[in-house]
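Participant: What shape does this take:
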Amino acid sequence: MAKLFVNSCALVFLLLLSTSVKSGVSQEPGRCMKSFDCPGCDKAACRQQCRSNCTAPTYKHGFGSCKTDPSTQQQGAELMGKHGINVPRGVAVSSVDEIKKVIQDVFPKENELVVKSQILAGGRGLGTFKSGLKGGVHIVKADQVEDIASKMLGQILVTKQTGPQGKVVSKVYLCEKLSLVNEMYFAITLDRKTAGPIIIACRKGGTSIEDLAEKFPDMIVKVPIDVFKGITDEDAAKVVDGLAPKVADRKESIEQVKKLYKLFCDCDCTLLEVSLIPQMLMLKY
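Facilitator: Next up, the predicted model:
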C-alpha cells in the first residue's frame, strides 16, 4: 500500500526569547531561563537540577524551562516514530566497527542503504567534505556502506549553512532506501501575525524550499492553527489537499499531519520541519 513517509527532518525545541533557524538555535544547550521567576538564580545549579530531575525532550521544572539542542535527523526520526509517524528504518553509528553488526541485525535483506552524515546544518546532500568527498548523503550498495561511512566519520563537512569552517561528522545515519513516487515539503512553526502555530507545506520537494517559495509562491500552502482548539480534521485536510498526494491514502495522510502537530506541541517545538516528505510505495508494510 502507499504511505506518506517522513524522511528528512529537523526539530528545534522551545526556548523562551530565542530565535531559531533550520540549522539550530541561538543560545547554549541547557541554559537556564528561570530569570523571569527568580532573578539572580544560580544558573549552574539550576541547570544541574533540570538535568537530574527531568526526562522530557525539553528540560522543565516548576520555575521555568531550559532547552536542549536542536535534533539531528536520527533524533527527529526517533521522536516521530514514537508518535506514530511513518519513518524509514534507520540506525545511527559512530564507528565503522558498528556497521557490519547493524547491517546484519537491522538491514539483513537490504541491497542498498542510504548513508547520511549527522550534523546540525542543512544542505548536507550538496555539501563537500574538506577531504574532497562530494556530498554528505549517499545511496550505496550494502557492501559499500563501510567504505563510504569511513570517509565521512571524523571528517569536516562544509555546507551552505555551516560556513567555510564546516562541521565535524561524528555520526552517520544508516537507513533503508525506499522507492519514491514524489517529494513534498512540510513544516510547523510559530507565526507572529496569527500569534500561534502555522503549518507550511508545498507539493514540490523541499530540499531547496527557499528557491521554490521565491519562484512559485502560489505552491506554498499556509494553514494557521488555533492554539486553543488545536488542529482540526479540516485544518489537516487543507494541508493534505494542498500537498495533493498522488497515491497515499487521503484519510491516513490527514492522520499523519495531526500526529506531526501533536509532536510539535508535545515536544515544545518552535520549528518542526520535514524538508522532504516522500510518498513511497511500500508493499511490505
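Participant: quick one: contacts for residue 107?
Facilitator: Residues near residue 107 by Cβ atoms under 8 Å, 6 or more residues apart in numbering: 89, 113, 142, 174, 176. Heads up, the C-betas are built off the backbone N, CA and C, glycines and all.
Participant: Compute the distance between it and residue 176, please.
Facilitator: From residue 107 across to residue 176, the span is 6 Å (Cβ to Cβ, to the nearest Å).
Participant: wait, what's in contact with the residue nearest to residue 168 when sequence neighbours are not counted?
Facilitator: Nearest residue to residue 168, sequence neighbours excluded (Cβ to Cβ, 6 or more residues apart in numbering): residue 156, at 5.6 Å. By Cβ under 8 Å, 6+ apart, the residues touching residue 156 are 129-131, 165-169.
Participant: now stretch 173-185: mean pLDDT?
Facilitator: Averaged across stretch 173-185, pLDDT comes to 82.
Participant: can you check stretch 108-124 too?
Facilitator: 90.
Participant: Quote the end-to-end distance of it.
Facilitator: 27 Å (Cα to Cα, to the nearest Å).
Participant: one step back: for the contacts of residue 156, pick the one with the most neighbours.
Facilitator: Compared across these, residue 169 has the highest neighbour count, 23 neighbours, by other Cβ atoms under 10 Å.
Participant: contacting residues for that residue?
Facilitator: Contacts for residue 169 (Cβ under 8 Å, 6+ apart) come out as 117-119, 129, 136, 152-157.
Participant: Excluding chain neighbours, what is closest to it?
Facilitator: Sequence neighbours aside, residue 117 is the residue nearest to residue 169 in space, at 4.4 Å (criterion: Cβ to Cβ, 6+ apart).
Participant: distance of the one you found from residue 187?
Facilitator: 22 Å.
Participant: Tell me which of those two has more neighbours.
Facilitator: residue 117 (29 against 21).
Participant: right, and that one touches residue 138 too?
Facilitator: No. Look at residue 117 against residue 138 with Cβ atoms under 8 Å: they stay out of range, at 9.0 Å.
Participant: Return the residues in contact with the residue lying closest to residue 129 once chain neighbours are set aside.
Facilitator: If the residues on either side of it in the chain are set aside, residue 129 comes closest to residue 155, at 4.8 Å by Cβ to Cβ, 6+ apart. By Cβ under 8 Å, 6+ apart, residue 155 lies in contact with 129-131, 133, 168-169.
Participant: returning to that earlier point: quick one: which of the contacts of residue 156 is nearest to residue 193?
Facilitator: The shortest approach to residue 193 among the contacts of residue 156 belongs to residue 167, at 33.3 Å (Cβ to Cβ).
Participant: if you skip the residues just before and after it, what's nearest to that closest one?
Facilitator: residue 119 (4.2 Å).
Participant: Kindly report the same for residue 141.
Facilitator: Counting by Cβ to Cβ, 6+ apart, the nearest residue to residue 141 once its immediate chain neighbours are dropped is residue 112, at 5.8 Å.
Participant: buried sites along stretch 173-188?
Facilitator: Using 16 or more other Cβ atoms under 10 Å as the burial criterion, the residues of stretch 173-188 that qualify are 173-178, 182-188.
Participant: Turn those residues into TSV, including distance to residue 241 and secondary structure.
Facilitator: Below are these laid out as TSV (distance: Cβ to Cβ, whole Å; DSSP: H, G, I helix; E, B strand; the rest coil):
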residue	distance to residue 241	secondary structure
173	32	strand
174	35	strand
175	29	strand
176	29	strand
177	29	coil
178	24	coil
182	15	strand
183	18	strand
184	12	strand
185	15	strand
186	13	strand
187	17	strand
188	17	strand
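Participant: follow-up on the earlier one: what's the separation between the residue nearest to residue 168 and residue 167?
Facilitator: From residue 156 to residue 167 the distance is 7 Å (Cβ to Cβ).
Participant: for residue 186, same thing?
Facilitator: To residue 167, residue 186 is 25 Å away according to Cβ to Cβ.
Participant: cool, and residue 109?
Facilitator: Distance from residue 109 to residue 167, by Cβ to Cβ: 33 Å.
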